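>>> Please find the sequence and the predicted model below.
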Amino acid sequence: MAGLRLRSRGLIRALRIVRRLEAGERLLLAPLAADYGVTTRTIRRDFAAIEEAGYPLRTDAISHGGAEPGIWWFLR
């Protein structure tokens with residue numbers, strides 16, 4: 001039963017991400033992971049599942065003054 005709850009949380013998180021994307025938000029990986037209390041790797045898996053479900057995602061690197069560029073995720 002615990003495994004089902006974990007999968008349910010992932011599904012709920014992915015649906016919430018889709019809703020944000022459909023609202024026109026551009027999402028940054030690290031802040032998004034912090035919002036949901038998960039790792040950036042988990043969010044990347046969520047994005048892969050969202051794309052596999054048929055949502056066309058696009059990424060765009062941005063420079064924010066840090067050592068590495070950020071990556072915006074948004075619907076095409």
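Okay, I see it.

>>> From here on, just use CA atoms for contacts and neighbour counts.
Fine.

>>> for stretch 48-56, which positions count as buried?
Across stretch 48-56, burial judged by 16 or more other C-alpha atoms under 10 Å covers 50, 55.

>>> What are the contacting residues of it?
With contact meaning C-alpha atoms under 8 Å, 6 or more residues apart in numbering, stretch 48-56 is reached by 14, 18, 57, 75-76.

>>> what number of residues lie near residue 34?
For residue 34, the count of nearby residues is 12 (other C-alpha atoms under 10 Å).

>>> Would you confirm that it belongs to a strand?
No: assessed with DSSP: H, G, I helix; E, B strand; the rest coil, residue 34 is helix; it does not lie in a strand.

>>> sorry, back to before: looking at the contacts of stretch 48-56, which are in strands?
In this view, the contacts of stretch 48-56 that belong to strands under DSSP state E are 57, 75.

>>> Now a PyMOL select for only the buried ones of the contacts of stretch 48-56.
Here is the PyMOL command that selects the buried residues among the contacts of stretch 48-56 (16+ other C-alpha under 10 Å):
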select buried, resi 14+18+75
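
>>> okay if I get the contacts of stretch 48-56 as TSV plus pLDDT and distance to residue 38?
What follows is those, written out as TSV (pLDDT from 0 to 100; distance: C-alpha to C-alpha, whole Å):
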residue	pLDDT	distance to residue 38
14	94	12
18	94	17
57	86	20
75	82	22
76	73	25
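
>>> Spatially, which two of the contacts of stretch 48-56 are the most separated?
14 and 76 (17.2 Å; C-alpha to C-alpha).

>>> Neighbouring strands of the helix or strand of the chain with the lowest mean pLDDT in the sheet, and parallel or not?
Taking mean pLDDT, DSSP states H and E as the measure, the chain has strand 70-75 as its least confident helix or strand, at a mean of 74. Its sheet considered, strand 70-75 pairs with strand 27-28 (antiparallel), strand 57-62 (antiparallel) by DSSP bridges.

>>> what would those strands look like in TSV with distance to residue 47?
Putting the strands paired with strand 70-75 into TSV (distance: least, C-alpha to C-alpha, whole Å) gives the following:
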stretch	distance to residue 47
strand 27-28	11
strand 57-62	8
